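Undergrad: sequence and computational prediction follow.
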Amino acid sequence: MKDQIAKIKENSIKEISNCKDEKDLNGLKVKYLGKKGELTAVLRGMGSIAPEERPIIGSLVNQVRDELEAIIQEKEKELKKQELETRLETENIDVTEPSKKVKLGTLHPITQIIDEVEEIFLGMGYQIADGPEVEKAIYNFDKLNTPPDHPARDLQDTFYINENIVLRSQTSPVQARVMEEQKPPIKIICPGAVYRSDTVDATHSPVFHQIEGLVVDKNISMTDLKGTLEMFAKKCLGENTKIRFRPHHFPFTEPSAEADVSCFVCGGKGCKVCKGEGWIELLGCGMVHPNVLKNCGIDPEEYSGFAFGFGVERIAMAKFGIEDMRLLFENDIRFLKQF
Ligand code: DAH
């Protein structure tokens, strides 16, 4: 048996020293030291020798194993070094070759507007709120004082998932969710996607984005609303921007208004962007209807509030001079990278 071990040692050392690459070396490792390798086979055969011989053979096998392991490790280092040397000799690196440029995208114009509006309102102490796009009809309509026979609830206008669940047609339901969860003072804006059953054309899309604003506190009045919107318009559209209110109706505000801004392209003289009007319709707003406060657990005798909501696409189109809304959704890189 000792002879057998000596033979294994001799053969393996010869093979290892002749070995040319790491793959072969791994093969030899398995062949001699592996579970089914030759040295292990010797240990398995120990049953057939005299008991007093066993420890001697055992320690001899271990000694050879250690030696082989050391030799293999040494060889491994040598092969690695050799490989590196050949690579250094044969490979040449062309340092003048142009690098592969990382293609950095740009923020989508809609995202840019949302970021900018968030920045402005955060600066005025508002918080950003969020709500689900698949919304309960009760939040999209009922809590917002929109009765069951209101035309906005028509199947023609709103996407219904079932009788009680809709794709939200406005960001206003977030108002109700926030009022139910938070006690006044409340100062939030909520940007997000909304859905309406509209046919796609240059100014309509079945999905678009709105930003909703809500303030509820003691003694909030219409002047707070106007001051806030004026400040926002100046920051977003330019220092000289003026704002005007026109009476309107929304079920969730009383009184309600639509707010226009003086055209930030022509300054009010009349141009293509404002279609000769000098004014551009910006948003819907008003004083939160007492019924809405009540529906959301806030006492209208104690608190009052204002709210507003506007379309992000409309602002993006006006600000960036985009004439067709479809461009904002087609996501053609050639178009998007201009912003
Ligand atoms: N939700 C309205 C719409 O989609 C916009 C709006 C009007 C929001 C008045 C408001 C508001 O918060 O007070 O047309």
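TA: In hand now; what should we look at? All values reported here derive from a predicted model rather than from experimental measurement.
Undergrad: CA atoms for contacts and neighbours, from now on please.
TA: Fine.
Undergrad: ok, the closest residue to Lys337 other than its chain neighbours - contacts?
TA: The shortest distance from Lys337 to any non-neighbouring residue, by CA to CA, 6 or more residues apart in numbering, is to Thr106 (6.2 Å). By CA atoms under 8 Å, 6 or more residues apart in numbering, the contact set of Thr106 is Leu336, Lys337, Phe339.
Undergrad: turn those into CSV, columns for neighbour count and secondary structure.
TA: Below are the contacts of Thr106 laid out as CSV (neighbours: other CA atoms under 10 Å; DSSP: H, G, I helix; E, B strand; the rest coil):
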residue, neighbour count, secondary structure
Leu336, 17, helix
Lys337, 13, coil
Phe339, 10, coil
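Undergrad: which one of the residues you listed is nearest Leu237?
TA: Nearest to Leu237 among the contacts of Thr106 is Phe339, at 16.4 Å by CA to CA.
Undergrad: and the pLDDT for the closest one?
TA: Looking at Phe339, its pLDDT stands at 91.
Undergrad: I figured it hits Ile110, correct?
TA: No - the pair Phe339 / Ile110 is not scored as a contact, 10.3 Å apart, by CA atoms under 8 Å.
Undergrad: now the element after the lengthiest helix in the chain, going C-ward?
TA: Secondary structure assigned by DSSP state H gives helix 54-90 as the longest helix of the chain. With elements assigned by DSSP states H and E, the helix or strand that comes after helix 54-90 is helix 109-123.
Undergrad: now that next one - C-alpha only, CSV.
TA: Output of helix 109-123 as CSV, limited to C-alpha atoms (Å, rounded to 0.1, in the frame of the first residue of the first chain):
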residue,chain,number,x,y,z
PRO,A,109,-42.1,67.2,-19.8
ILE,A,110,-45.0,66.1,-17.7
THR,A,111,-42.6,65.0,-14.9
GLN,A,112,-40.7,68.3,-15.2
ILE,A,113,-43.9,70.3,-14.7
ILE,A,114,-45.0,68.2,-11.8
ASP,A,115,-41.6,68.5,-10.2
GLU,A,116,-41.6,72.3,-10.7
VAL,A,117,-45.2,72.7,-9.3
GLU,A,118,-44.3,70.5,-6.3
GLU,A,119,-41.2,72.6,-5.6
ILE,A,120,-43.3,75.8,-5.7
PHE,A,121,-45.9,74.5,-3.3
LEU,A,122,-43.4,72.8,-1.0
GLY,A,123,-41.9,76.2,-0.7
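Undergrad: next, Ser169: secondary structure please.
TA: Classification of Ser169 using DSSP: H, G, I helix; E, B strand; the rest coil returns coil.
Undergrad: around it, how many other residues sit close by?
TA: Using other CA atoms under 10 Å, Ser169 has 27 other residues around it.
Undergrad: where along the chain do the strands fall?
TA: Counting by DSSP state E, the chain has strands at residues 127-128, 134-136, 160-162, 165-167, 186-195, 207-217, 243-250, 253-262, 279-288, 304-311.
Undergrad: closest to Gly268 out of these?
TA: Among the strands of the chain, the nearest to Gly268 by CA to CA is strand 253-262 (5.3 Å).
Undergrad: nearest spatial neighbour of Ile281, skipping sequence neighbours?
TA: If you look again at residue 281, you'll see it is Glu, not Ile. The shortest distance from Glu281 to any non-neighbouring residue, by CA to CA, 6+ apart, is to Asp260 (4.2 Å).
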